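Student: Generate coordinates for the sequence data below:
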Amino acid sequence: MSKEPILVSACFLGIKCRYNGEINTNEAIASLREKYELIPVCPEVLGGLVTPRPAAERLGELVVNKEGEDVTSYFKLGAERTAAIALEHGCQQAVLKAQSPSCGCGIIYDGTFSGKKIAGNGVTAAKLLAMNINVVNENTLQSLK
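Tutor: Numbering: from 1, shown residues only. As a prediction, the model looks like this:
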């Protein structure tokens, strides 16, 4: 019997794709490979951004980096490419990085780079949710179906 495929933020699996270039391995998420086929994705890299890169936050419908540059197009392209990967693999669930401007689900940073958080979704999380894909983060793994 084959395992259910799920999208997973690549940074959780030890891939150096976080904006700051640091490793963000999460053993609880990596251990999901026992039950699921993990499909690693980094929407920001898929959208054409390099690692490391300036931190970015959502500001309304835009995504801006700490230098004030509008990087929305990279985030939208990454969301589209991630959605295509989800469809290609038949993914109905995703485990994405909390509070990220691409992957955050439910709570994200407010766009002021002050550390303040607001209700909202990252660009990719919003795209996947619109496709009826169950999106959870490292803090809500119990919500996997």
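Student: OK, contacts around the closest residue to residue 121 other than its chain neighbours?
Tutor: In this structure, residue 121 finds its nearest non-sequential neighbour in residue 105, 5.5 Å apart by CB to CB, 6 or more residues apart in numbering. Every C-beta, even on glycine, is put in place using the N, C-alpha and C of the backbone. Neighbour list for residue 105: 96, 98, 121-122, 125, 129, 135-137, 140 [criterion: CB atoms under 8 Å, 6 or more residues apart in numbering].
Student: Quick check: strands, which of those are part of them?
Tutor: 96, 121, 135-137 (DSSP state E).
Student: Name the member of those residues with the most neighbours.
Tutor: Of all those, the most densely surrounded is residue 96 (26 neighbours; neighbours counted as other CB atoms under 10 Å).
Student: What's opposite that residue in the beta bridge?
Tutor: Applying DSSP bridges to residue 96 gives these bridge partners: residue 137.
Student: pretty sure it contacts residue 126?
Tutor: No: using CB atoms under 8 Å, residue 96 makes no contact with residue 126, being 11.0 Å away.
Student: all helices of this protein, in order?
Tutor: For the chain, the helices defined by DSSP state H cover 27-30, 43-46, 72-89, 123-130.
Student: Need the winner for burial among the ones you listed.
Tutor: helix 43-46 (a mean of 27; mean count of other CB atoms under 10 Å).
Student: For that one, which helices and strands make contact with it?
Tutor: helix 72-89 (3 or more CB pairs under 8 Å, 6 or more residues apart in numbering; DSSP states H and E).
Student: Kindly export the helix it packs on (C-alpha atoms) in PDB.
Tutor: The C-alpha trace of helix 72-89 is given here as PDB (Å, rounded to 0.1, in the frame of the first residue of the first chain):
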ATOM      1  CA  THR A  72       5.100  39.800  -4.500                       C
ATOM      2  CA  SER A  73       5.700  38.400  -7.900                       C
ATOM      3  CA  TYR A  74       8.300  35.800  -6.600                       C
ATOM      4  CA  PHE A  75       5.800  34.700  -3.900                       C
ATOM      5  CA  LYS A  76       2.900  34.400  -6.400                       C
ATOM      6  CA  LEU A  77       5.100  32.400  -8.800                       C
ATOM      7  CA  GLY A  78       6.200  30.100  -5.900                       C
ATOM      8  CA  ALA A  79       2.600  29.600  -4.900                       C
ATOM      9  CA  GLU A  80       1.700  28.600  -8.400                       C
ATOM     10  CA  ARG A  81       4.600  26.200  -8.700                       C
ATOM     11  CA  THR A  82       3.800  24.700  -5.300                       C
ATOM     12  CA  ALA A  83       0.200  24.300  -6.300                       C
ATOM     13  CA  ALA A  84       1.300  22.500  -9.500                       C
ATOM     14  CA  ILE A  85       3.500  20.100  -7.500                       C
ATOM     15  CA  ALA A  86       0.500  19.400  -5.100                       C
ATOM     16  CA  LEU A  87      -1.700  18.500  -8.100                       C
ATOM     17  CA  GLU A  88       1.100  16.400  -9.800                       C
ATOM     18  CA  HIS A  89       1.500  14.300  -6.600                       C
END
